[in-house]
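Q: Here's a sequence, model it:
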Amino acid sequence: MTKKRTTTLRTCADCGEELQEPSPGTTLPACPQCGSTRRLAYVGIQTELKFHSWLELLGFDTPSRRKRKAFMEQFVGADWGRALKRWMHKVRVFNRRDGEYHEVVTDPETGTIIREKHEPLPDHWGHGSAKRRKP
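A: Take a look at the predicted model:
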């Protein structure tokens, strides 16, 4: 969640004296320093942004990626957790050479492990694009 803070400063346009905000419905008072009724308003906005990043890696035996499927796929970084509706940290590895699948999802705010799965790759089916399609 981003935090936002707005500040407003009003000054006399002629001498730069800092002035108080007039009450709604009242006439604009003259500057106590120079008597001018011209004003400048400065508005400042301060906010906080959070960035989330991830890295996806593919490992190939041959220089031409078109000939063969990657022997290794990795995903490391931020991933949106739909169940908890916030960003999670995920490490996922498909190792086709050794026939292994690993996935660890943690909540970065609490450090709690949400999901941890280590299994042989042939046993990892029925997820994502490997799900059976409805007739």
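
Q: Pull the contacting residues for the residue nearest to F94 when sequence neighbours are not counted.
A: Of all residues not flanking F94 in the chain, E73 sits nearest, at 4.2 Å (Cβ to Cβ, 6 or more residues apart in numbering). Glycine gets a C-beta too; all of them are placed from N, C-alpha and C. Counting by Cβ atoms under 8 Å, 6 or more residues apart in numbering, E73 touches E56, L57, L58, G59, R92, V93, F94.

Q: Buried members of these into PyMOL, please.
A: In PyMOL, a selection of the buried entries from those looks like this (16 or more other Cβ atoms under 10 Å):
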select buried, resi 92+93+94
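
Q: the strands in this protein, which residues?
A: Secondary structure of the chain (DSSP state E): strands at 4-12, 18-19, 39-47, 54-59, 72-81, 86-95, 100-106, 113-120.

Q: okay, the contacts of E73 in CSV with distance to E21 and pLDDT next?
A: Output for these, formatted as CSV (distance: Cβ to Cβ, whole Å; pLDDT from 0 to 100):
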residue, distance to E21, pLDDT
E56, 52, 94
L57, 56, 92
L58, 59, 90
G59, 63, 89
R92, 54, 95
V93, 59, 95
F94, 61, 92
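
Q: Return the member of the contacts of E73 nearest to R86.
A: Proximity of the contacts of E73 to R86 (Cβ to Cβ) peaks at R92, which lies at 18.3 Å.

Q: residues contacting C12?
A: L19, C31, Q33, C34, S36, R38, R39, L40.

Q: what do you get for T62?
A: R68.
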